[in-house]
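Okay, predicted coordinates and the sequence, questions at the end:
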Amino acid sequence: MLFITGRGPYLAARVPLPATWAARALDDMRFGAAHPAGAWHVPLGASRLIVTSYAQPICPPGVLAWPVRQLTGVLQTQPLYRLRVEVELVPWSATSCELGIRPLGKWPPRLMPTMRYYELAEAALVEFGGMVLGARARVA
């Protein structure tokens with residue numbers, strides 16, 4: 001079970017895996033045979049997260065908490081409600097990491113009710129956390 005925390009529009013979930021393992025599991029899911037090149041659609045019940053870019057940021061020297069993976073995409077609940085977001089995977093300790101999500105652009109969003117954003121963001125974190133843990137269990 002993932003514990004979701006947050007302050008303001010940033011929500012995070014701690015994942016009980018080292019960041020390198022979680023990053024490898026995320027890479028396997030993104031670049032595996034199940035997902036062709038292009039946008040990656042992550043179902044969230046009746047809604048979805050459409051991942052449009054996937055990056056492995058380069059950490060500057062001396063920085064301790066730098067994302068090991070960054071994804072940008074769109075939370076979509078209806079054709080009308082779309083919000084650009086960034087999802088990141090950050091080391092938390094030697095044995096765990098954190099998945100975080102934040103909106104890109106203006107806050108609060110004009111076209112998506114704020115509570116709906118929190119519901120979708122939490123669903124996205126739970127889905128990604130479950131996918132990472134499930135992928136890692138299959139590899140181990």
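Good, I have the coordinates.

Okay, now the sheet partners of the helix or strand of the chain with the lowest mean pLDDT, with direction.
Ranked by mean pLDDT, DSSP states H and E, the helix or strand of the chain with the weakest confidence is strand 4-7, at a mean of 71. According to DSSP bridges, strand 4-7 has the following sheet partners: strand 10-15 (antiparallel).

which parts of the partner strand are buried?
For strand 10-15, the buried set under the neighbour-count rule, 16 or more other Cβ atoms under 10 Å, comprises Leu11, Ala12, Ala13, Arg14, Val15. Any C-beta I mention is one placed from the backbone N, CA and C, and that applies to glycine too.

distance of the first one from Val126?
Taking Cβ to Cβ, to the nearest Å as the measure, Leu11 falls 10 Å from Val126.

Over to the fourth one?
Between Arg14 and Val126 the computed distance is 12 Å (Cβ to Cβ).
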